[in-house]
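1. Okay, here's the prediction I keep looking at, along with the sequence it came from:
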Amino acid sequence: MSAKYIYRMDDITPTMNWKRFWQYINLFEEHGVKPLLGIVPDNKDPKLMIEESKQDFWETMRRLQADGIVEICQHGYQHVYVNKEGGLLGPKYGFKAQSEFAGLSYEDQYKKIEAGKEILQREKIYTDVWMAPSHSFDNNTLKALYELGFRAVTDGIALFPYNYKRMDFVPQQYWGPQNVFVGIVTICLHTDTVEEALYDKIKKHLESDLKFISFSEARNFKSTHATNLLNRIFNFYYMFRSWFNENKTILKTKRMIKKVIRKS
């Protein structure tokens, strides 16, 4: 029951910040930690176009996967948000209401996921793990994923992996190093935009006596009545915390506006 930690790296594209990418890949390899890479099959998001496209991108990803340095999952299709849908998670857990998939028909989602999968397979990248852009997906997404052979999702607000709609969910809860008492914790990194100071914090985290595992190890977790109960408690806590932080920000903004009005 003691806590175990997974690292995942989002927004992996040919045009990413390669210096930071290798900085973290080398750090994880040095400490024997296998991160989960979320590859965008056909990136069209200008925010992810940091550098000139690397021609050896797919060769590099194949080598990293074949050498057992990383695990790979499909991160959406083109990483382009088409609506303001939050999906099954969304604002109530602190996520933005924007989506590449949630809110679309089953048929449309199936076609997009399939197109992304075909690109990965054409490049000899095989995975049955899904990572949703902006954590936004709905039941149609999960249905399409299952029909296309996906079996696991890196997402969800819980302490332990669980099964929903025939898919194994390994929860993702934090965006920086954490020391928690119990659970399986996924820490999400966006290396294109991460602050430099985070590197030293993660290095210290990896050098600690904590237990780090791969996504594959985590998805084999078997839930029990006890872990299901802890999942519900954590889910409620996380939702309440998100609500409290949002309303605290609103209250602070109102106070600032009132002060400005008084001074004027």
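-> Arrived safely.

2. CA only for contacts and neighbour counts going forward, please
-> Fine.

3. And for the nearest residue to residue 212 once chain neighbours are set aside, the neighbour number?
-> Distance criterion Cα to Cα, 6 or more residues apart in numbering; nearest residue to residue 212, sequence neighbours excluded, is residue 5 at 4.6 Å. Residue 5: 22 surrounding residues under other Cα atoms under 10 Å.

4. Check residue 2 too.
-> Neighbours around residue 2, by other Cα under 10 Å: 10.

5. Could you do residue 175 as well?
-> Residue neighbour count, defined by other Cα under 10 Å, stands at 14 for residue 175.

6. Roughly how far does it sit from residue 9?
-> Noted for residue 175: a distance of 10 Å to residue 9, by Cα to Cα, to the nearest Å.

7. just residue 65 next, same as before
-> 14 Å.

8. out of these two, which sits in the more crowded spot?
-> A count of neighbours by other Cα under 10 Å puts residue 9 above the other of residue 65 and residue 9, at 21 against 17.

9. Residue 34 is in contact with that one, correct?
-> No. Contact status for residue 9 versus residue 34: not in contact, 10.6 Å apart, counting by Cα atoms under 8 Å.

10. re earlier: now do the shared contacts for residue 175 and residue 9.
-> Applying Cα atoms under 8 Å, 6 or more residues apart in numbering, one finds that residue 175 and residue 9 are jointly contacted by 188, 189.

11. Just the helices from the stretch 51-200 of the chain, written as ranges.
-> With DSSP state H, counting those that start in this stretch as the criterion, the stretch 51-200 of the chain has helices at 57-66, 106-122, 139-147, 197-206.

12. And the shortest one, how far out from the chain middle?
-> Just to be clear, that refers to helix 139-147. 18 Å (Cα atoms, centre = their mean, to the nearest Å).

13. what is the mean pLDDT for that helix?
-> Summarised as a single mean, pLDDT over helix 139-147 is 98.

14. Okay, and residue 11 sits in which element?
-> Using DSSP states H and E, residue 11 falls within strand 4-12.

15. next SSE after that strand?
-> helix 18-30.

16. now the angle between helix 57-66 and that following helix, please.
-> Put simply, helix 18-30 runs at 10 degrees to helix 57-66, going by axes from the mean of the first three to the mean of the last three Cα atoms, to 10 degrees.

17. now for helix 18-30, which elements pack on it?
-> helix 197-206 (3 or more Cα pairs under 8 Å, 6 or more residues apart in numbering; DSSP states H and E).

18. For the strand holding residue 11, name the packing helices and strands.
-> Contact here means 3+ Cα pairs under 8 Å, 6+ apart; on that basis strand 4-12 packs against strand 36-39, strand 184-189, strand 211-212.
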